[in-house]
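Student: Here is the input, now give the coordinates:
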Amino acid sequence: MAEVTHDQVNLMLQLYETRREARLREAREWFFMNFHPASIDDVPRICPPGSKENASMRMVISYWDMVANIVNRGLINEEFFFENSGEQWYVWQCLKPIIAEMRTRSKNPHQFKQLEEHASRFEAWREKRAPGSVDASRAQIAAMLKQEAKA
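Tutor: From the prediction side, this is the model:
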């Protein structure tokens, strides 16, 4: 296990504290309950431009892309981070169905690339430690969405 510095621990605690900020907490709650687009065409219905929901979506995605960038650059030990957070992976799962079209429309092939790379490494790390757990999580998400669709 790689050594984790006091500075890395403090940065991790600062990121956690930011997650507890009232508006980001509200945005995260909305995102996890509501942001499940099957295609890019679902996004304006789920979170219309200019709405509080749109601001929540942007806040959550940009927060986790920023955090992924911090970890990707080695400012926090990756294994230490992965041991303490998995929410970023779920955010990426919500983006996956629409990211190609988002990148095409924005003409930015790098949009949310930090989060994508980070989530990919998280999956590999998680599968190595707990084989089958990624597929199990995807199945749980699918079941949850199916249940929500029935409601």
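
Student: Run through the neighbouring helices and strands of the least confident helix or strand in the chain by mean pLDDT.
Tutor: Here the helix or strand of the chain ranked lowest by mean pLDDT, DSSP states H and E is helix 133-150, holding a mean of 86. For helix 133-150, the helices and strands in contact under the criterion 3 or more Cβ pairs under 8 Å, 6 or more residues apart in numbering; DSSP states H and E are helix 87-95, helix 113-129. Heads up, the C-betas are built off the backbone N, CA and C, glycines and all.

Student: helices or strands next to the shortest one in the packing?
Tutor: Think helix 87-95. Under the contact definition 3+ Cβ pairs under 8 Å, 6+ apart, helix 87-95 sits against helix 22-34, helix 52-72, helix 113-129, helix 133-150.

Student: pLDDT (mean, whole number) over the first one?
Tutor: For helix 22-34, the per-residue pLDDT values average out at 96.

Student: Can you add mean neighbour count and distance to Asn10 and give the helices and strands packed on helix 87-95 back as TSV?
Tutor: Converted to TSV, the helices and strands packed on helix 87-95 look like this (neighbours: other Cβ atoms under 10 Å; distance: least, Cβ to Cβ, whole Å):
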stretch	mean neighbour count	distance to Asn10
helix 22-34	15	19
helix 52-72	19	13
helix 113-129	16	20
helix 133-150	11	29
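
Student: Now tabulate those helices in CSV and tack on distance to Ala2.
Tutor: Output for the helices and strands packed on helix 87-95, formatted as CSV (distance: least, Cβ to Cβ, whole Å):
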stretch, distance to Ala2
helix 22-34, 29
helix 52-72, 13
helix 113-129, 12
helix 133-150, 22
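
Student: can you tell which of the ones you listed is closest to Leu15?
Tutor: Nearest to Leu15 among the helices and strands packed on helix 87-95 is helix 52-72 (5.8 Å), distances taken as Cβ to Cβ.

Student: what's the following helix or strand after the closest one?
Tutor: For helix 52-72, the succeeding helix or strand toward the C-terminus, using DSSP states H and E, is helix 78-84.

Student: quick one: that following helix to chain centroid distance?
Tutor: 15 Å (Cα atoms, centre = their mean, to the nearest Å).

Student: which helices and strands sit right next to it?
Tutor: On the basis of 3+ Cβ pairs under 8 Å, 6+ apart, helix 78-84 makes packing contacts with helix 6-19, helix 113-129.

Student: quick one, the last one and helix 133-150 angle?
Tutor: Calculated by axes from the mean of the first three to the mean of the last three Cα atoms, to 10 degrees, helix 113-129 forms an angle of 120 degrees with helix 133-150.
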